[in-house]
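# 3D, please:
(one chain, ligands or ions: 1)
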Amino acid sequence: MHVLGRREGTARERVRSDGPAGRLGTFRARDGSAGAPVGVDFDRPHAACVVGKRGSGKSHTLGVLAEGLAATPGVTPLVCDPMGAFDGLQAGGFHVREPQVRASALPPRAWPPLLGLDPAGGPGALVWRAAADRETLPGMTRFVAGSDAPDRTRRAAANHLALADAWGVFAPDAPPAEAFLERATVCALAGLSAAPANAVVRVLATACYRARLDGRLDTLPWLLLDEAHVFLDGLARPALERLLTRGRAPGVSLVLATQRPTALPAVARSQTDLVVAHRLTAAVDRETVREVRPAGGEALDGRWPTERGTALVFDDAAERVVSVRVRERRTPGGGASPRASEVGDAATSDDTGPSAPEPTRTGHLGGHGGP
Ligand SMILES: Nc1ncnc2c1ncn2[C@@H]1O[C@H](COP(=O)(O)OP(=O)(O)OP(=O)(O)O)[C@@H](O)[C@H]1O
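Predicted coordinates for the structure are as follows:
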């Protein structure tokens, strides 16, 4: 199998070229026919992006990578699932965990922006002090109540902490974030708004990095992030940027999937070594991918994928761009929107009129959710 992302420079590395890899699919010839099997290297850490329009197959591709990683000794995938698209991975041995973390896992300076507060303003500064002084959300609330700040400041800070409590992601008895890295895991973020989902992802990305750096994790973690633009735009960004710039040294891999390549920050553009580009129609998106990986100036006209499940893969290691058809999932995919014709009475209806518009998928991630 040809393995993408594998540098086969020195003789020693060539000997190692049979290291772990996951089957991605098959090469795709210009006439659309399937060619030889193609995989992705899981031996070394990578920073990868999966981009494409809505419905082009990004989540499916993340699922394919996750399945392969779960079957590979020495690596541990953690899938952050903001849309509820990865429940089916349970059939592949994944544990689905509720997104609960300890309040103390966030640095105190992250609390004011998490709650939409100005860190230099009264309530923001008070929340910051509370986070620095206490380990739990109830402890922070008591700190605020007992502080000598003006009434208005205390009330505002307390209201914002009550909002954080209502999110349900901060629990004093939550296991340490490393628990998400013990085995192949899906972190179920569906239903959370952007702010708490970002808080959880920041904690998990930090845990991947710290656990490897401090020698507390003997497998190499892979963090797979769907709807990554939500996190690159939010509180999780510093932790993700750290993984992009410094994650590979301790052995942490990051895979970012987004329908908005333009949302990828400069560091993602410069640090990714593998870009899987599904169907993109906007010229600005294609141009962004070309900027992310110039691929030695190869001409791409006529090569951009037009079908769901096909992709151009920009491989830094081989300095090549290849066309791929991504394989079927081994576990049930969660990507398809439900159809009216598949539920309830509609399934038996013989109404042959125009089909109903597809409802949007579950998942939330809208807005900040602030008071
Ligand atoms: N390679 C493939 N083989 C078979 N089915 C696929 C493949 N790629 C995608 N699909 C199917 O196409 C549908 C859309 O795919 P998917 O949900 O992965 O798209 P997406 O780009 O993640 O969409 P969104 O941006 O809305 O999250 C799903 O039903 C999925 O199972």
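# quick one: contacts for the nearest residue to residue 219 once chain neighbours are set aside?
Nearest non-adjacent residue to residue 219, counting by C-beta to C-beta, 6 or more residues apart in numbering: residue 76, 4.5 Å away. C-beta here means a position set from N, CA and C on the backbone, and glycine is covered the same way. Remark: with contacts taken as C-beta atoms under 8 Å, 6 or more residues apart in numbering, residue 76 is in contact with 69, 181, 182, 183, 184, 185, 217, 219, 220, 221, 222.
# same question for residue 300.
286, 290, 312, 321 are the contacts of residue 300 under C-beta under 8 Å, 6+ apart.
# is it correct that residue 95 is in contact with residue 179?
No: with contacts counted by C-beta atoms under 8 Å, residue 95 stays clear of residue 179, the gap being 9.6 Å.
# what's the overlap in contacts for those two?
The contact sets of residue 95 and residue 179 do not overlap (C-beta under 8 Å, 6+ apart).
# and the contacts of residue 76, which of them are buried?
Buried residues within the contacts of residue 76, counting neighbours by 16 or more other C-beta atoms under 10 Å: 69, 181, 184, 185, 217, 219, 220, 221, 222.
# residue ranges for the helices of the stretch 1-150 of the chain, please.
For the stretch 1-150 of the chain, applying DSSP state H, counting those that start in this stretch gives helices covering 11-15, 58-70, 111-114, 122-133, 137-145.
# could you dump the ones you listed to TSV with mean pLDDT and distance to residue 166?
Listed next are the helices of the stretch 1-150 of the chain as TSV, based on pLDDT from 0 to 100; distance: least, C-beta to C-beta, whole Å:
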stretch	mean pLDDT	distance to residue 166
helix 11-15	50	52
helix 58-70	97	28
helix 111-114	98	13
helix 122-133	98	15
helix 137-145	98	11
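# residues in contact with stretch 302-317?
So stretch 302-317 is contacted by 4-8, 24, 28, 30, 32, 38, 41, 52, 55-57, 60-61, 272-280, 286, 289, 292-293, 295, 300, 321-326 (C-beta under 8 Å, 6+ apart).
# go back to the residues you listed and keep what's next to the ligand.
52, 55, 56, 57, 60, 326 (C-beta under 6 Å from any ligand atom).
# gap between the third one and residue 38?
Between residue 56 and residue 38 the distance, using C-beta to C-beta, to the nearest Å, works out to 18 Å.
# kindly report the same for the last one.
Using C-beta to C-beta, residue 326 is found at 10 Å from residue 38.
# the two: which is more packed in?
residue 326 (27 against 24; other C-beta atoms under 10 Å).
# show me what contacts residue 189?
So residue 189 contacts 80, 81, 82, 99, 197, 200, 201 (C-beta under 8 Å, 6+ apart).
# cross those against strands and list the overlap.
When those are checked against strands (DSSP state E), the matches are 80, 81.
# what is the nearest of the contacts of residue 189 to the ligand?
Ranking those by separation from the ligand, with C-beta to the nearest ligand atom as the measure, puts residue 82 on top at 9.6 Å.
# give me the neighbour count for that closest one.
So residue 82, with other C-beta under 10 Å, has 27 neighbours.
# the one 5 residues further on now?
As a burial measure, the neighbour count of residue 87 was computed by other C-beta under 10 Å and equals 17.
# what does residue 30 give?
8.
# and it, what pLDDT?
Here the pLDDT value assigned to residue 30 is 78.
# list the contacts of it.
By C-beta under 8 Å, 6+ apart, the residues touching residue 30 are 302, 303, 323.
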